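**Student:** structural data only, the sequence is not supplied:
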């Protein structure tokens, strides 16, 4: 389900979000290019999930605009075009793996053989071919989160928004999933993938580093290393955080 | 609203119930046990013939209310509802899907309970037996609609279960089962006129005493249908695509 829109996948300007009494996102501008895997990195509480919720259109915002594939985030035109995977797996415990994936496939309009083929393909992509008939409540946590991912992959949305899809997975599976993400991008899909594991940064085409709801850097992995002179993404991130703190101190 | 999406949801709800054998057993067996107990208590009197039909309408409503309010609350808490609402699935598809799914389950429940009451417990009604089943199914759908509405106000599963006595017991006390509605104190009679279960029980009573209850029952069912639509419309306001 690819649409033919050729602007950026996501354009955000002046976004403000308040949760409780906190300014989770005080004012954010960001453009996410189409056809790339964009990593959203940052420490816990930096606003990654909130930003993703804004892109999907489920977050109440205080100000600013979020435009997704040329439409305001959350508008009806986007419901087949955007796939969303929350951090905590959101699937039905008392359904089988196959029934879960098939239900979300029906929700985006797949039927008949098209539906069956899409479910089979997705089961293979998340490496759960042998588990199709298992109930979710009998699976491990990592397997459950893969079903949750599969439920978004099955409709092949133009934009995939994935909140920490590789948490708790073994290295082989993580490598396979990042390869799948790269393949999807090569076919023209856009992906926004959050992670707090910095070594996954090198798998992305582009990196957005968030801290306290602000964009600390919006670069390619190579630029990040070059700019900070650090040896790996972890060190680069720390350098940027220190640098930002220093700038703030000297400004005040 | 899209029939394909509504049916997909109804099918999914039924598949979920199918994996839970104990719930199915409770839904089917508990009404029969209670009806049997009641018939036994009133052995040798005509009381069972008078209140049996009304209870045939009350059980499905109570069961479907609880099942639906807990199931919908779980959807809210697990994130599946938020996720579904980012897809082309509409609020109407979601809610009518639940009503259709549990409505079908109610058909099975009503057929078994009515059959048990009539052929095992010897329930004797003046009107046609099939009409008992129709009213029972309408009551079940009413229970589902009220459950969808109640779950919008529950934050925890404890609260969801407590809504059963809060929403349903007053209706039970005022529906005309304890004393006829026209003998209630005037103010309570007014309240009883505003509650859906009163009309469901009126319909059942009509089947008990009249050999040709169709037109009276149709009027009562029309009112119950109105309550179902109103409850679903209000419930849709509690399903929001966006949250803070």
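**Tutor:** Structure's in. What do you need? On a predicted model such as this, the values are computed, not experimentally measured, just so you know.

**Student:** contact partners for the residue of chain B found nearest chain A?
**Tutor:** In chain B, the residue that lies nearest chain A is residue B:79 (3.4 Å; CB to the nearest CB). C-beta coordinates here come from the backbone N, C-alpha and C atoms, glycine included. When contacts are counted by CB atoms under 8 Å, 6 or more residues apart in numbering or on different chains, residue B:79 touches A:86, A:88, A:90.

**Student:** okay, these in JSON lines with secondary structure, neighbour count and pLDDT next?
**Tutor:** JSON lines is the format used below for the contacts of residue B:79 (DSSP: H, G, I helix; E, B strand; the rest coil; neighbours: other CB atoms under 10 Å in any protein chain shown; pLDDT from 0 to 100):
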{"residue": "A:86", "secondary structure": "coil", "neighbour count": "24", "pLDDT": "91"}
{"residue": "A:88", "secondary structure": "coil", "neighbour count": "12", "pLDDT": "90"}
{"residue": "A:90", "secondary structure": "coil", "neighbour count": "25", "pLDDT": "94"}
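
**Student:** turn the residues you listed into JSON lines, including distance to chain B.
**Tutor:** Compiled in JSON lines, these are given as follows (distance: CB to the nearest CB, whole Å):
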{"residue": "A:86", "distance to chain B": "5"}
{"residue": "A:88", "distance to chain B": "6"}
{"residue": "A:90", "distance to chain B": "3"}
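
**Student:** what packs against the longest helix seen in chain B?
**Tutor:** In chain B, taking DSSP state H as the definition, the longest helix is helix B:47-78. Using 3 or more CB pairs under 8 Å, 6 or more residues apart in numbering or on different chains; DSSP states H and E, the elements in contact with helix B:47-78 are helix B:3-18, helix B:21-41, helix B:80-84, helix B:91-115, helix B:129-151, helix B:157-174, helix B:196-209.

**Student:** 10 Å - rerun?
**Tutor:** helix B:3-18, helix B:21-41, helix B:80-84, helix B:91-115, helix B:129-151, helix B:157-174, helix B:196-209, helix B:214-238 (3 or more CB pairs under 10 Å, 6 or more residues apart in numbering or on different chains; DSSP states H and E).

**Student:** for chain A, what spans make up the helices?
**Tutor:** Under DSSP H, chain A gives helices at A:48-56, A:97-107, A:112-125, A:141-153, A:171-186, A:221-228, A:233-251.

**Student:** centre of the chain versus the last one, how much separation?
**Tutor:** When C-alpha coordinates are averaged (CA atoms, centre = their mean, to the nearest Å), helix A:233-251 and its chain have centres 25 Å apart.

**Student:** now do it against helix A:221-228, angle only.
**Tutor:** Calculated by axes from the mean of the first three to the mean of the last three CA atoms, to 10 degrees, helix A:233-251 forms an angle of 50 degrees with helix A:221-228.

**Student:** mind checking the pLDDT average for helix A:233-251?
**Tutor:** Mean pLDDT, computed over helix A:233-251, is 79.

**Student:** can you give me the buried ones in that helix?
**Tutor:** A:233, A:236-237, A:240-241, A:244 (16 or more other CB atoms under 10 Å in any protein chain shown).

**Student:** farthest pair within those residues?
**Tutor:** In these, two members sit farther apart than any others by CB to CB. They are A:233 and A:244, at 16.3 Å.

**Student:** I'd assumed residue B:184 was in contact with residue B:191.
**Tutor:** Yes: look at residue B:191 against residue B:184 with CB atoms under 10 Å: they come within range, at 8.5 Å.

**Student:** looking at the two, which is more packed in?
**Tutor:** Using other CB atoms under 10 Å in any protein chain shown as the criterion, residue B:191 and residue B:184 rank with residue B:184 on top: 18 against 15.

**Student:** I'd assumed residue B:195 was in contact with the more buried one.
**Tutor:** No: with contact defined as CB under 10 Å, residue B:184 does not reach residue B:195; the gap is 11.6 Å.

**Student:** anything in contact with each of the two?
**Tutor:** Contact criterion CB atoms under 10 Å, 6 or more residues apart in numbering or on different chains; residues shared by residue B:184 and residue B:195: B:173-174.

**Student:** got the confidence number for the residue of chain B most remote from its centre?
**Tutor:** Distance from the C-alpha centroid of chain B peaks at residue B:244, with 32.8 Å (CA atoms, centre = their mean). Looking at residue B:244, its pLDDT stands at 80.

**Student:** tell me the contacts of it?
**Tutor:** A:17-20, A:59-62.

**Student:** same question for residue B:234.
**Tutor:** B:145-146, B:148-149, B:152.

**Student:** mind running it again at 8 Å?
**Tutor:** residue B:149.

**Student:** do you know how far it is from residue A:53?
**Tutor:** 26 Å (CB to CB, to the nearest Å).

**Student:** distance of residue B:135 from residue B:220?
**Tutor:** Taking CB to CB, one finds residue B:135 at 8 Å from residue B:220.

**Student:** can you pull the residues that touch both of the two?
**Tutor:** Common neighbours of residue B:135 and residue B:220 (CB under 8 Å, 6+ apart) are B:200, B:203.

**Student:** let me know the angle separating the longest helix of chain B from helix B:196-209.
**Tutor:** 150 degrees.

**Student:** re earlier: neighbour count: residue B:135 and residue B:220, which is higher?
**Tutor:** Shown here are residue B:135 and residue B:220; by other CB under 10 Å, residue B:135 has more neighbours (29 against 22).

**Student:** I figured the more buried one hits residue B:201, correct?
**Tutor:** No: using CB atoms under 8 Å as the test, residue B:135 is too far from residue B:201 to be in contact (9.3 Å).

**Student:** need the overlap of contacts for these two.
**Tutor:** residue B:57.

**Student:** ok, back up a step: name the residues of the longest helix of chain B that are buried.
**Tutor:** Buried-residue list, helix B:47-78, by 16+ other CB under 10 Å: B:48-49, B:51-76, B:78.

**Student:** ok, stretch B:77-97 next?
**Tutor:** B:78-97.

**Student:** so how far is it off the chain centroid?
**Tutor:** The answer for stretch B:77-97 is 22 Å, by CA atoms, centre = their mean.

**Student:** how long is it end to end?
**Tutor:** In terms of CA to CA, to the nearest Å, the two terminal residues of stretch B:77-97 are separated by 19 Å.

**Student:** returning to what we had before: what do residue B:191 and residue B:184 both touch?
**Tutor:** In contact with both residue B:191 and residue B:184: residue B:174, using CB under 8 Å, 6+ apart.

**Student:** where does the stretch 151-252 of chain A have low pLDDT?
**Tutor:** A:252 (pLDDT under 70).

**Student:** which positions in it make contact with chain B?
**Tutor:** Within reach of chain B by CB under 8 Å from any CB of the partner chain, the stretch 151-252 of chain A has these residues: A:151, A:155.

**Student:** cool, thanks, signing off.
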